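Peer 1: What follows is a predicted protein model with its sequence.
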Amino acid sequence: MSNYSTVLSTSNKIIKKYPLCDYCLGRLFTKHLHLSSNKLLGKKLKNGYESKHSCYICKNLFDNLDHFSKLMLDSSFDYEFRTFSIGTIIKPSIVDRDDALKSEFKLRGIDGIKSNITKELGKLFSKKTKKILNYDDPEIIFTVNLKEHSCNLRSKPIIISGRYTKSKRGYSQKQKSCENCSGKGCRTCNFHGISEFNSVEGVISKLIFEKFGGTTTKFTWIGGEDKSSLVLGSGRPFIVKLQNPLKRNTKLSDCISDFISIFNLKIVGDSPKTPLKFSSLVTIKISTDSKFDSKCLKKLKNLKNYPVIVSEKSGRSYEKKIFDINYKKTSDQTILVKIRVEGGLPIKRFVIGTDVTPSVSDTIGTNCIADEFDFLEIIINDNN
């Protein structure tokens, strides 16, 4: 007996006992016959036979896929995307009936009902929208709940790199989180995680929200500065991940606000897997209650190429290097120090000497404080 004759015999036994739609009947045998269309095979096997009852397995769910496709269209109306993937949630009873029927008729190696529903819904949505189904790296991920007739959507994050300069003192680098949700995103903060935009992070986030939509931003800072610090030169690099963007192909342009300039913005493939190595050129205004001794100040030159050990409260310690150091005495009680230092050295602690060895205070034998410090340049190492 040929393959098709065996299939025809088994399918006749099934439809005599169970009413099945073309999709569910065909699915039971397409792999056995090396065919691709469940619906066409199911229709052929029925040979004109139709039951008055709904499909035993899916309860005619395949006839209602247009409804769920419309839910997908409605939920993605505001989104700009080219590729998508889809996941579905169906009633467990559908899977149970499918498994029971396959077991009863000893049918093996058959695609499950859930994967078939997902596949057909994806094909239908793709046909309607001309979007490309892509499970490897989709821009939009749909989760369609066929139990509750709902559709959730998640948009692939966008990663943006850029630089900023800060020309006025008194503005923080980081933005305070929304007090209501602690940065997670809620209705109070329009799901942004921040409710104000009066910092470097806030201004950059606001610009990105206006360009792309989206919910929250997560920053990777290449170093940090004080509220009172300026950031000059070619600016501080940053990388920001935007969650759930609406748009993906918006043109990025430079932005100048009251206190910062944002430039070199571009979409990049991914965030760095490890922290970027960089160095900073910094000027530090240092003062003391006593007087600076010119002979003692010369000892600062000894810090060049010397390892500086920074100890944290956690017990962890790390090492930073000063590549160059110069100073200028501006009064008996103030000096201006210019250093090029490995990124990540806490400047104020380095001056005072709090769990930092050697420090400016220890080196010159005078208690010092950093009144302010500014960044003239931030240089990312070429070998990152």
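Peer 2: Noted; the coordinates are in hand. Computed from a predicted model, the values in this text were never measured in an experiment. Numbers count the residues shown, from 1 in each chain.

Peer 1: all strands in the stretch 1-150 of the chain, in order from the N-terminus.
Peer 2: 83-89, 132-133, 140-145, 150-155 (DSSP state E, counting those that start in this stretch).

Peer 1: so can I have JSON lines of the ones you listed showing mean pLDDT and mean neighbour count?
Peer 2: Backbone N, C-alpha and C define where each C-beta goes, glycine included. Below are these laid out as JSON lines (pLDDT from 0 to 100; neighbours: other Cβ atoms under 10 Å):
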{"stretch": "strand 83-89", "mean pLDDT": "97", "mean neighbour count": "19"}
{"stretch": "strand 132-133", "mean pLDDT": "96", "mean neighbour count": "13"}
{"stretch": "strand 140-145", "mean pLDDT": "98", "mean neighbour count": "19"}
{"stretch": "strand 150-155", "mean pLDDT": "96", "mean neighbour count": "17"}
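
Peer 1: Distance to I239 added to the ones you listed, as TSV?
Peer 2: Output for the strands of the stretch 1-150 of the chain, formatted as TSV (distance: least, Cβ to Cβ, whole Å):
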stretch	distance to I239
strand 83-89	23
strand 132-133	28
strand 140-145	23
strand 150-155	19
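
Peer 1: do you know which of those lies nearest K329?
Peer 2: The closest of the strands of the stretch 1-150 of the chain to K329 is strand 150-155. By Cβ to Cβ, the value is 56.6 Å.

Peer 1: can you tell me how far the nearest residue to K166 once chain neighbours are set aside sits from L252?
Peer 2: Excluding its sequence neighbours, the residue lying closest to K166 (Cβ to Cβ, 6 or more residues apart in numbering) is V231, at 4.2 Å. Look at V231 and L252: by Cβ to Cβ, to the nearest Å, they are 20 Å apart.

Peer 1: Can you give me the domain boundaries for this protein?
Peer 2: 3-155, 158-268, 278-380 (automatic domain parsing).

Peer 1: where do the helices sit along the stretch 201-350 of the chain?
Peer 2: 294-297, 347-352 (DSSP state H, counting those that start in this stretch).

Peer 1: G193 in helix, strand or coil?
Peer 2: With DSSP: H, G, I helix; E, B strand; the rest coil as the basis, G193 sits in coil.

Peer 1: More neighbours: which of V231 and L252?
Peer 2: A count of neighbours by other Cβ atoms under 10 Å puts V231 above the other of V231 and L252, at 25 against 17.

Peer 1: what are the bridge partners for the more buried one, then?
Peer 2: Beta-bridge partners for V231, by DSSP bridges, are K166, F375.

Peer 1: can you count the residues close to A100?
Peer 2: A100 has 12 nearby residues by other Cβ under 10 Å.

Peer 1: re earlier: can you give me the distance of the residue nearest to K166 to T357?
Peer 2: Taken as Cβ to Cβ, the span from V231 to T357 is 28 Å.

Peer 1: same question, T88
Peer 2: On the measure of Cβ to Cβ, T88 and T357 end up 60 Å apart.

Peer 1: so who does V240 touch?
Peer 2: V240 sits next to I159, I160, S161, G162, I204, S205, I208, T217, K218, F219, T220 when contact means Cβ atoms under 8 Å, 6 or more residues apart in numbering.

Peer 1: and what of V203?
Peer 2: Here V203 is in contact with F197, C255, S257, I260, I262 (Cβ under 8 Å, 6+ apart).

Peer 1: and which of those is nearest L281?
Peer 2: I260 (18.9 Å).

Peer 1: Would you map the helices across the stretch 51-200 of the chain?
Peer 2: Taking DSSP H, counting those that start in this stretch as the test, the helices found in the stretch 51-200 of the chain are 65-75, 92-104, 113-129, 200-212.

Peer 1: Quick check: buried residues in the last one?
Peer 2: To tie it back to what came earlier, the one meant is helix 200-212. Neighbour counts over helix 200-212 (16 or more other Cβ atoms under 10 Å) mark V200, E201, G202, V203, I204, S205, K206, L207, I208, F209, K211, F212 as buried.

Peer 1: which neighbours does the longest strand anywhere in the chain have in its sheet, and in what orientation?
Peer 2: The residue-count maximum for a strand in the chain (DSSP state E) belongs to strand 317-331. In the sheet, strand 317-331 lines up against strand 307-311 (antiparallel), strand 334-342 (antiparallel) (DSSP bridges).

Peer 1: hang on, the earlier thing: of the contacts of V203, which one scores lowest on pLDDT?
Peer 2: Within those, S257 has the lowest pLDDT, namely 88.

Peer 1: nearest spatial neighbour of that residue, skipping sequence neighbours?
Peer 2: V203 (5.2 Å).

Peer 1: what's the distance between that neighbour and I286?
Peer 2: 30 Å.

Peer 1: Can you list the low-confidence ranges for the stretch 1-150 of the chain?
Peer 2: The stretch 1-150 of the chain contains residues with pLDDT under 70 at 1-2.

Peer 1: returning to what we had before: max pairwise distance over the buried residues of helix 200-212: which two?
Peer 2: V200 and F212 (18.6 Å).

Peer 1: about what we covered before: the helices of the stretch 51-200 of the chain: which one's closest to R82?
Peer 2: Among the helices of the stretch 51-200 of the chain, helix 113-129 sits nearest to R82 (Cβ to Cβ), with 10.1 Å.

Peer 1: So what touches that closest one?
Peer 2: So helix 113-129 is in contact with 23-24, 27, 38, 57-58, 61-62, 65-66, 68-69, 72-73, 84-88, 90, 94-95, 98, 131-133, 142, 144, 146, going by Cβ under 8 Å, 6+ apart.
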